[in-house]
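1. Pasting the sequence and the predicted coordinates here, then a few questions.
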Amino acid sequence: MGFSAKQVKALRRNLDHRYIRTRETNGRELLYIEGWYAITEANRIFGFDGWNRETLESRCVLARENRGSFLVVYIARVRITVHADGASIIREGHGTGEGRGTSSGEAHDFALKAAETDGTKRALATFGRPFGLALYKNAKITPSPKTSASESKPTDLGQEVRFARDDTTPIPRPSRYYGRRQDLVTRDRAHLRKLAVQASADTSIVPPAPDLLPPRIDKSVLTIAGPKRLRNKAHLKFVAAQPCLICGRQPSDPHHLRFAQSRALGLKVSDEFTVPLCRGHHRQLHQAGNEVAWWEKFKINALEIAKGLWEQTHPKSAAADAAMRAPPHDETNPIIPVGPQ
């Protein structure tokens, strides 16, 4: 055996439960360790220059785009080589990774890194317990004696949850690594859902009556008004039934004109600013960057077309808007005709 006595002792040591994470997949709770922790343990046990990682193969098995959102899935085969006392120990592992993003490059980057990290963890797990080998046996992890279940549960449903499970130590603050941050957000949401189910099962908690709930604020009537974003599925279906404005193909996608209203985090513009585009030109527009210049290249007034489509599905609201734009009639000072009657 090429490992030293100190390395063998470290490889036989149990995994610290504080670095075990959980996530829900298809209704099952899975235990795992994060990629940064596995690499840190490899550096500590084997040495910074005592091992290396090599990606033997990476392949994209799925690439899908839906209305500007990209989904990519990669598989990767990773080889770990450890140099110990003149010998080279080689282990390999396969991994998969999924990436989502608003651009194709961003989604491919996330998916490839996730697949390589997954393959690295599986290859390192063959070296023993510090790399999460025992987690594949679905072993129960005992909670830390310093933290009790009553201390880890928040008392207020609106309180920010920072615990991975009901009976373990708090989760450390998220790092700048995207995958770790996303795992924390997913885990917190799952814990909040559990709390909501517990609250719904408790008969002592009476939900407020609908008429006692605070009404939603219409930001369009405030002093500093915000844009009013209307949502109408029937109108989107009507727009999708129209031919593409560029090539006339059907079916079409209802494209929201992003320059029609000010931007908001996670919100599209109002549905009244939608025009029909085929899938090819819709994708081309999202990749163009400058939407106004893209429409000017085809000499198309997209705002006027969107307005006309909205008037076809909402004739009453269009008539009301026209009445509001008409000059007011003053009954107190009528216009008296001049001349013989």
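-> Arrived safely, thanks for sending.
2. quick one: the strands in the chain?
-> 21-25, 28-32, 51-66, 69-84, 87-101, 253-256, 274-277 (DSSP state E).
3. hey, which helix or strand in the chain has the poorest pLDDT?
-> Here the helix or strand of the chain ranked lowest by mean pLDDT, DSSP states H and E is helix 149-152, holding a mean of 42.
4. who touches Thr274 in this structure?
-> Under the criterion of Cβ atoms under 8 Å, 6 or more residues apart in numbering, the neighbours of Thr274 are His235, Leu236, Val239, Pro254, His255, His256, Leu257, Ala306, Leu309. Where C-beta positions appear, they are placed from N, C-alpha and C, glycine not excepted.
5. Just give me the closest of those residues to Gln198.
-> Among the contacts of Thr274, Leu236 lies closest to Gln198 (Cβ to Cβ), at 37.8 Å.
6. so how far is Ser69 from the closest residue to that closest one other than its chain neighbours?
-> In this structure, Leu236 finds its nearest non-sequential neighbour in Pro254, 4.5 Å apart by Cβ to Cβ, 6 or more residues apart in numbering. Distance from Pro254 to Ser69, counting by Cβ to Cβ, to the nearest Å: 15 Å.
7. the more surrounded of the two?
-> Pro254 (21 against 13; other Cβ atoms under 10 Å).
8. What's the separation between that one and Lys268?
-> 10 Å.
9. Also Tyr32?
-> Using Cβ to Cβ, Tyr32 is found at 35 Å from Lys268.
10. Repeat that for Gln242.
-> Looking at Gln242 against Lys268, where the rule is Cβ to Cβ, the gap reads 19 Å.
11. Kindly report the same for Arg229.
-> Separation of Arg229 from Lys268 (Cβ to Cβ): 7 Å.
12. Convert stretch 101-108 to PDB, retaining C-alpha atoms only.
-> The C-alpha coordinates for stretch 101-108 follow below in PDB (Å, rounded to 0.1, in the frame of the first residue of the first chain):
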ATOM      1  CA  GLY A 101     -29.900  30.200 -17.800                       C
ATOM      2  CA  THR A 102     -31.100  33.000 -20.000                       C
ATOM      3  CA  SER A 103     -28.200  32.400 -22.500                       C
ATOM      4  CA  SER A 104     -27.000  29.200 -24.100                       C
ATOM      5  CA  GLY A 105     -23.400  29.700 -23.000                       C
ATOM      6  CA  GLU A 106     -24.400  30.300 -19.400                       C
ATOM      7  CA  ALA A 107     -26.500  27.100 -19.300                       C
ATOM      8  CA  HIS A 108     -23.700  25.000 -20.900                       C
END
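13. What residues sit buried inside it?
-> Buried positions in stretch 101-108, judged by neighbour count with 16 or more other Cβ atoms under 10 Å: Gly101, Ala107, His108.
14. Pick the one among these closest to Glu296.
-> Gly101 (28.1 Å).
15. Nearest residue to that closest one in space, please, no chain neighbours.
-> Per Cβ to Cβ, 6+ apart, closest to Gly101 is Ala107, 4.0 Å.
16. same deal with Ser103?
-> Closest residue to Ser103 apart from its sequence neighbours, by Cβ to Cβ, 6+ apart: Phe70 at 6.7 Å.
17. what's the pLDDT at that neighbour?
-> If you check Phe70, the pLDDT there is 92.
18. and what of Ala201?
-> Model confidence at Ala201 (pLDDT) stands at 63.
19. try the one 4 residues further on
-> Residue-level confidence at Ile205 comes out at 55, pLDDT.
20. just Gly95 next, same as before
-> On the pLDDT scale, Gly95 gets 93.
21. all helices in the chain, in order from the N-terminus.
-> 5-11, 35-46, 104-125, 149-152, 178-201, 233-240, 279-288, 291-297, 302-313, 315-325 (DSSP state H).
22. Check these for me and report the most buried one.
-> Neighbour counts (mean count of other Cβ atoms under 10 Å) averaged over each of these peak at helix 104-125, with a mean of 21.
23. tell me the average confidence for that helix?
-> Across helix 104-125, pLDDT averages out at 92.
24. Can you list the low-confidence ranges for the stretch 51-200 of the chain?
-> Applying pLDDT under 70 to the stretch 51-200 of the chain picks out residues 137-188, 199-200.
25. Give the burial count for the spatially closest residue to Gly132 that is not a sequence neighbour, as a bare number.
-> Closest residue to Gly132 apart from its sequence neighbours, by Cβ to Cβ, 6+ apart: Ile33 at 4.4 Å. Using other Cβ under 10 Å, Ile33 has 20 other residues around it.
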